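J.: Next comes the sequence, and after it the predicted model I'd like to discuss.
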Amino acid sequence: MKRIILTLLLFISVIGNVLADDVTFVASAPKSVVLGQHFRLTYTVNTTDAKEPVIADMPDFDILSGPNISTQQSYSSVNGKTTSSVSVTFTYILLPKSEGEFTIQPAKINAKGKDITSNSLSIKVLPEDKASSAAQNGDSRQHSNTSANISNEDLFMRATLSKTKVYEQEAVLLTYKVYSAVNLTNLSFPTPELKGFNIQEVELPQEKQFELEHYNGRNYNTIVWRQFVLFPQQSGKLEIPSLDFEAVVAVQNRRSVDPFEMMFSGFSGYVEVKKVLKTKPLSLEVEKLPFGKPADYSGGVGEFSIGSTINNTKLKTNSEFTLKVIVKGTGNMRLLGNPQFELPTEFESYDPVIENNFRLTANGFKGEKVYEYLITPKASGTYTIPSAHLSFFNTSTGSYETLKTQEYTVEVEKGSEAAVTLIDNTQINKEKGKVLASDIRHIKYGDEGKAEKSIFFGSSRYMLSYAISLLLVLLFLVIYRKKVAENANTSLVRTKKANKVATRRLKVAKTLMKENKVNEFYDEILKAMWGYTSDKLSIPMSQLSKENIASTLLSRGVSDELVTEFQEILSEGEFARYAPGDKEAAMERLYTMSINVISKMENSIKNGSAR
């Protein structure tokens, strides 16, 4: 009985602590305020069982009033069950003393008998607006309901680049930010048409909120409207053209009041005025990657590190083990090639399964890329799995760097094999010990049955079967050595498997198309096309360009029309995702084109080789 009572007391104590831990105490205020204008600082606690908060000293602000106490209570009903919540808000009116960035230290409150501390706040105090006096006196420019009377100083869009000079494939952030001193109610979402870039749009919050910003002597309500991360694909001076945004502004109607006009404007006294906001064109200096690219250059530009894991180092022949190579960092990770390593000839491996675990940031894609290799040993012994290496261009140091993983020692024992041999024209399976060939003898008729039995050993039949067996062994050895040589020639292996690898990637692209993953679909199409030409033409990915692909294909007997189609697919893969129109139809068209072009190209290259 005592144990039960003690358990109940402990349970009540735990529940009490949990309920006490549920008490929250939150401070809130605007991120930016203007010098000379007061603002509200609030502290909210979600219980009425609380004392007055103790606030920290605020030497940078004058406290005009407070605390002003208000209580809020809400009710909700779910499945017939009604719940209620209550909170108390303590409000202070503050006036900043000077410009700058200041911190309001946490406040403390005693709620439900427990001391709780709030969060701190950072507040930026902006200088006074130079045009505030004009606004207070009334600006005649807004007396007329036309866009011409909303000046470019009252409402405009700025396009900015995070960098003005970069290397090829180095990420740069393009930002479109709106500045408003009027009542902006709507704004369009145009997409820039950029040539020479691979572009990725940054996902911004759906619900956008204005923030105060001081610019050119005035205070504006600002919003980052759109952002794109650009990866320049060529060197030289690249242009970001001007872009038009259509804005809608609510303007107070100060003309003589027409009852019918008031009715159509909702009796608000405001009318909607449209204005086109045109950004200024920008230019970006793109520097070519320096000479001296390593032979295994992966196409990576950014900052990366490498690591690896292996799931088994003791195994048997014809069993499998997994080698994972993990590349982490920030840069053009989508275009990062595969790490390189040379396996012993006694091992078989296929193209890795690639897992992309990265997200888009202002400096490019950040995260990790995992390459999973499935490897099969074909012979017993102790082997060294060499380091995987990956070369990239480091934008911080302005030089090429090579990363290497650790080596692994693998011990392989002989596993079960179903070896087959020929003994006395009888085929035997060594593993199962069963006679596989037929033992039914030929039935003889007439005089044939009286024929004298001949001795097989040393006969012409014996010599013939011996010669055939020897010939089969020699043929097997020739084929085996040829196969080993082909496997050792990685270039030849890649050439033979080019069509299969491209087909597999196109299947992935089809799945992405059905899932309406537009960016991933176009990335997979580009991987399939670039990868196919790299494998088929034995050109490293780092040396591929549209020009050398075209010239090499023409030399292999591919027609001009087919080369043009191929280049069209590459161009559409880079830019079609940003074009207006029916996305599904565009993806379906590009997918069909890709399949047809690879099929035709395969036949053309085969026929060209045969000639």
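T.: In hand now; what should we look at?
J.: Please identify the buried residues of stretch 114-128?
T.: Using 16 or more other CB atoms under 10 Å as the test for burial, stretch 114-128 gives 116, 118, 121, 123, 124, 125, 126, 128. No exception for glycine: its C-beta is placed from N, CA and C like everyone else's.
J.: Closest one of these to residue 82?
T.: Using CB to CB, residue 116 comes nearest to residue 82 of the buried residues of stretch 114-128, at 27.6 Å.
J.: circling back: can you tell me which of the buried residues of stretch 114-128 is nearest residue 549?
T.: Nearest to residue 549 out of the buried residues of stretch 114-128 is residue 124 (CB to CB; 52.5 Å).
J.: OK, contacts around residue 357?
T.: Residue 357 makes contact with 367, 368, 369, 370, according to CB atoms under 8 Å, 6 or more residues apart in numbering.
J.: Please report how far it lies from residue 327.
T.: The gap separating residue 357 from residue 327 is 11 Å, by CB to CB, to the nearest Å.
J.: Then residue 81?
T.: Noted for residue 81: a distance of 52 Å to residue 327, by CB to CB.
J.: Who has more neighbours out of the two?
T.: residue 327 (26 against 7; other CB atoms under 10 Å).
J.: report the longest strand in this structure, please.
T.: Taking DSSP state E as the criterion, the chain has its longest strand at strand 61-78.
J.: what comes up buried for it?
T.: 61, 66, 67.
J.: Looks like residue 373 contacts residue 322 (just checking).
T.: Yes - Residue 373 lies in contact with residue 322 (CB atoms under 8 Å); the separation is 7.0 Å.
J.: who has more neighbours, these two?
T.: For the pair residue 373 and residue 322, the greater number of neighbours falls to residue 373 (22 against 14), based on other CB under 10 Å.
J.: What helix or strand is that one located in?
T.: Taking DSSP states H and E as the definition, one finds residue 373 inside strand 364-377.
J.: What is that strand packed up against?
T.: strand 321-331, strand 347-349, strand 353-361 (3 or more CB pairs under 8 Å, 6 or more residues apart in numbering; DSSP states H and E).
J.: now these in a markdown table, with distance to residue 30?
T.: Listed next are these as a markdown table, based on distance: least, CB to CB, whole Å:
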| stretch | distance to residue 30 |
| --- | --- |
| strand 321-331 | 33 |
| strand 347-349 | 59 |
| strand 353-361 | 27 |
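J.: closest to residue 472 out of these?
T.: Once the helices and strands packed on strand 364-377 are compared by CB to CB, strand 347-349 is nearest, at 24.7 Å.
J.: Quick check: neighbours shared by residue 357 and residue 327?
T.: Residues within reach of residue 357 and of residue 327 at once, by CB under 8 Å, 6+ apart, are 368, 369, 370.
J.: Which of the residues you listed has the largest number of neighbours?
T.: Counting by other CB under 10 Å, top hit in the shared contacts of residue 357 and residue 327: residue 369 with 22 neighbours.
J.: what residues are up against the residue lying closest to that residue once chain neighbours are set aside?
T.: Using CB to CB, 6 or more residues apart in numbering and skipping the chain neighbours, the partner closest in space to residue 369 is residue 327 (4.8 Å). Contact analysis of residue 327 by CB under 8 Å, 6+ apart lists 304, 305, 306, 333, 336, 339, 368, 369, 370, 371, 390, 403.
J.: Narrow those to just the buried residues.
T.: Buried by 16+ other CB under 10 Å: 304, 306, 333, 336, 339, 368, 369, 370, 371, 390, 403, out of those.
J.: Need the max-distance pair from these.
T.: Among these, 370 and 403 lie farthest apart (CB to CB), at 14.8 Å.
J.: low pLDDT regions in the stretch 451-600 of the chain?
T.: Applying pLDDT under 70 to the stretch 451-600 of the chain flags residues 451-459, 462, 480-498, 541-544, 575-581.
J.: mind running it again at 80?
T.: 451-467, 476-502, 534-551, 556-557, 571-583 (pLDDT under 80).
J.: ditto for the stretch 201-350 of the chain
T.: Where the stretch 201-350 of the chain drops to pLDDT under 80, the residues are 206-208, 252-270.
J.: Now do the strands in it.
T.: Taking DSSP state E, counting those that start in this stretch to define them, one finds strands in the stretch 201-350 of the chain at 211-215, 218-232, 236-240, 244-252, 270-278, 282-287, 297-310, 314-316, 321-331, 347-349.
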